[in-house]
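Engineer: sequence below, structure please.
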Amino acid sequence: MPSVTPRKNKKTNKVEPFDRLLRRFKKDVERAGVIQEVRKREFFVPPSQKKYNKKKDIVRKRKLELEREKREFEIRARSWF
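Structural biologist: Next up, the predicted model:
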C-alpha cells in the first residue's frame, strides 16, 4: 500500500498543505493499481467462470485482430490498382 509523508519547504520550514498531500496519495494509489484490484476482488468469481471469461476475451481479441487485418488488406488492395 502506498504511503505519503508530508514535505517540508526548506526556506520557510512549512509543511505541505493537506490537499496536495491527498492529491499525491491518490496518484500513488492509482499508479499502484489498488483501486482496480479492489474492484476485481469485490465479488467471488468461480474458477469455471474465470476460464469462460478468459476464452471469451481471447475470441473477442482475435476477432478484432482479424477485422483490423482485413481492413488493412482492403486499403492496400485499393491502392494497388
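Engineer: report the rounded mean pLDDT for the helix of greatest length in the chain.
Structural biologist: When the chain is parsed with DSSP state H, its longest helix is helix 47-80. Mean per-residue pLDDT for helix 47-80: 93.
Engineer: list the buried residues of that helix.
Structural biologist: For helix 47-80, the neighbour count (16 or more other C-beta atoms under 10 Å) marks no residue as buried. For every residue, glycine as well, the C-beta is placed using N, CA and C.
Engineer: domains for this structure, by residue range?
Structural biologist: 1-43, 45-81 (automatic domain parsing).
Engineer: how far does the shortest one sit from the chain's center?
Structural biologist: Distance of domain 45-81 from the chain centroid (C-alpha atoms, centre = their mean, to the nearest Å) equals 20 Å.
Engineer: next: the longest one.
Structural biologist: Computed by C-alpha atoms, centre = their mean, the chain-centroid distance of domain 1-43 equals 18 Å.
Engineer: so for it, what's the average pLDDT?
Structural biologist: 91.
Engineer: number the chain from 46, please
Structural biologist: From this message on, residue numbering opens at 46, which makes the last subject domain 46-88.
Engineer: please report the distance of the residue lying closest to residue 47 once chain neighbours are set aside from residue 83.
Structural biologist: Sequence neighbours aside, residue 73 is the residue nearest to residue 47 in space, at 3.7 Å (criterion: C-beta to C-beta, 6 or more residues apart in numbering). Distance, residue 73 to residue 83, using C-beta to C-beta, to the nearest Å: 15 Å.
Engineer: equivalent analysis for residue 60, please.
Structural biologist: 30 Å.
Engineer: which helices and strands sit right next to the longest helix of the chain?
Structural biologist: With contacts defined as 3 or more C-beta pairs under 8 Å, 6 or more residues apart in numbering; DSSP states H and E, there are no secondary structure elements packing on helix 92-125.
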